[in-house]
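**Student:** Any chance you can model this:
(one chain, ligands or ions: 2)
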Amino acid sequence: MIKPAGPLPLEKTGSAASADASGDGADFFETGRKLFAKECGFIWAAADAAHLPPPGAPEIAFAGRSNVGKSSLLNALTNRKTLARTSNTPGRTRELNFFALGGDVDACDLRLVDMPGYGYAAASKQKIASWSGLMQDFLRGRARLLRVFVLIDGRHGLKPVDLEMLDLLDRCAASYQIVLTKRDEVKAAEQDVRAASVVAAIAKRPAAFPQVIFTSALTGEGIADLRAAIARLLAEAGYGRAAPGIF
Ligand SMILES: Nc1nc2c(ncn2[C@@H]2O[C@H](COP(=O)(O)OP(=O)(O)OP(=O)(O)O)[C@@H](O)[C@H]2O)c(=O)[nH]1
Ligand SMILES: [Mg+2]
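**Tutor:** Ligands and ions are numbered 1, 2, ... in the order given. Predicted structure coming up:
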């Protein structure tokens with residue numbers, strides 16, 4: 001990937017994601033496609049740490065500034081229009097929303113967590129404090145949280161408030177990976193430059209995965225790459241192919 005490769009066909013942009021992790025010729029694009037073709041449904045909402053779902057399936061979470069496109073990306077990944085509620089109004093998603101892929105709350109292949117956005121200008125101090133508390137409790141307490149995908153607006157790159165989020169993730173030792181969004185709004189000539197500057201900016205961060213994926217929920221660019229990266233992550237964590245029958 002996961003480094004975007006401009007005009008190349010999508011499947012070719014994902015060479016790193018599709019590379020064989022275990023020496024047996026695994027095709028993570030195909031595994032990812034199959035995984036995300038499964039049924040997916042909303043299973044849980046948590047407005048505070050006391051009401052998180054009991055641990056079970058592996059989890060990945062999507063974080064990012066308000067309006068960056070978290071809910072839209074979740075819909076694109078799962079090929080649904082209205083799984084997660086999207087909005088033009090920043091701050092729409094106010095709780096941690098859990099979705100189950102390929103099962104229900106008790107048993108599924110993967111839980112997807114849509115996180116409330118940060119950097120919402122109109123948010124009160126009290127709201128910001130409760131958001132930070134919820135984030136910390138969630139990030140520190142989830143043994144099966146495999147990775148947090150931090151969405152960054154591809155038109156702007158990393159903002160100070162994004163760096164604060166990365167600091168929090170580093171402090172919580174929560175593995176994270178940057179996903180650039182709204183690729184359709186960025187000129188082809190600027191895409192590689194934007195991705196390279198983000199890769200350079202996170203190079204020394206302890207919990208950061210060093211590769212970046214550039215996506216568009218609108219055109220679908222990069223979505224197959226992201227699915228492949230997730231399939232690979234699951235396999236490397238011992239789920240999926242390592243546990244026959246899961247997917
Ligand atoms: N052009 C373009 N617009 C997008 C893309 N993804 C999301 N958007 C738009 O960005 C706005 C915000 O999208 P959401 O998915 O609701 O953003 P969010 O990050 O979930 O926002 P909060 O829940 O408020 O934190 C909507 O108007 C979307 O249509 C994209 O890939 N390309
Ligand atoms: Mg949202």
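
**Student:** CA only for contacts and neighbour counts going forward, please
**Tutor:** OK.

**Student:** where's residue 28 relative to ligand 2, distance?
**Tutor:** To ligand 2, residue 28 is 27 Å away according to Cα to the ion, to the nearest Å.

**Student:** Then residue 132?
**Tutor:** Distance from residue 132 to ligand 2, by Cα to the ion: 17 Å.

**Student:** Could you do residue 180 as well?
**Tutor:** To ligand 2, residue 180 is 15 Å away according to Cα to the ion.

**Student:** Show the contacting residues for the nearest residue to residue 230 once chain neighbours are set aside.
**Tutor:** In space, and not counting its chain neighbours, residue 230 is closest to residue 32: 6.9 Å by Cα to Cα, 6 or more residues apart in numbering. Shown in contact with residue 32 (Cα atoms under 8 Å, 6 or more residues apart in numbering): 224, 227, 228, 229, 230, 231, 232.

**Student:** Now do residue 32, the pLDDT please.
**Tutor:** Residue 32 is assigned a pLDDT of 95 by the prediction.

**Student:** What of the one 4 residues further on?
**Tutor:** Looking at residue 36, its pLDDT reads 96.

**Student:** Repeat that for residue 229.
**Tutor:** Note on residue 229: pLDDT of 97.

**Student:** That one: neighbour count?
**Tutor:** Using other Cα atoms under 10 Å, residue 229 is surrounded by 23 other residues.

**Student:** That one reaches residue 28, doesn't it?
**Tutor:** Yes: using Cα atoms under 8 Å, residue 229 makes contact with residue 28 at a distance of 7.3 Å.

**Student:** residues in contact with the longest strand along the chain?
**Tutor:** For the chain, the longest strand by residue count, based on DSSP state E, is strand 145-153. Contacting residues not belonging to strand 145-153 are listed as 58-65, 68-70, 139, 158, 162, 174-182, 233-234, 237 [Cα under 8 Å, 6+ apart].

**Student:** For it, output the C-alpha coordinates as PDB.
**Tutor:** Taking C-alpha atoms only, strand 145-153 is exported to PDB below (Å, rounded to 0.1, in the frame of the first residue of the first chain):
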ATOM      1  CA  LEU A 145      -8.300  -3.900  20.200                       C
ATOM      2  CA  LEU A 146      -6.000  -4.700  17.300                       C
ATOM      3  CA  ARG A 147      -5.600  -1.300  15.800                       C
ATOM      4  CA  VAL A 148      -7.000   2.200  15.800                       C
ATOM      5  CA  PHE A 149      -7.300   3.700  12.300                       C
ATOM      6  CA  VAL A 150      -6.800   7.400  12.700                       C
ATOM      7  CA  LEU A 151      -8.500   9.200   9.800                       C
ATOM      8  CA  ILE A 152      -6.900  12.400   8.600                       C
ATOM      9  CA  ASP A 153      -8.400  14.700   6.000                       C
END
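
**Student:** And the pLDDT for residue 153?
**Tutor:** With respect to pLDDT, residue 153 has a value of 97.

**Student:** one step back: three-state assignment of the residue nearest to residue 230?
**Tutor:** Secondary structure, DSSP: H, G, I helix; E, B strand; the rest coil: residue 32 is helix.

**Student:** Select from the contacts of residue 32 every entry located in helices.
**Tutor:** Using DSSP state H, the members of those that fall in helices are 224, 227, 228, 229, 230, 231, 232.

**Student:** Make TSV from those residues and add distance to residue 51 to it.
**Tutor:** Below are these laid out as TSV (distance: Cα to Cα, whole Å):
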residue	distance to residue 51
224	33
227	28
228	31
229	29
230	26
231	28
232	30
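
**Student:** okay, now residue 63: neighbour count?
**Tutor:** Other residues close to residue 63 by other Cα under 10 Å number 26.
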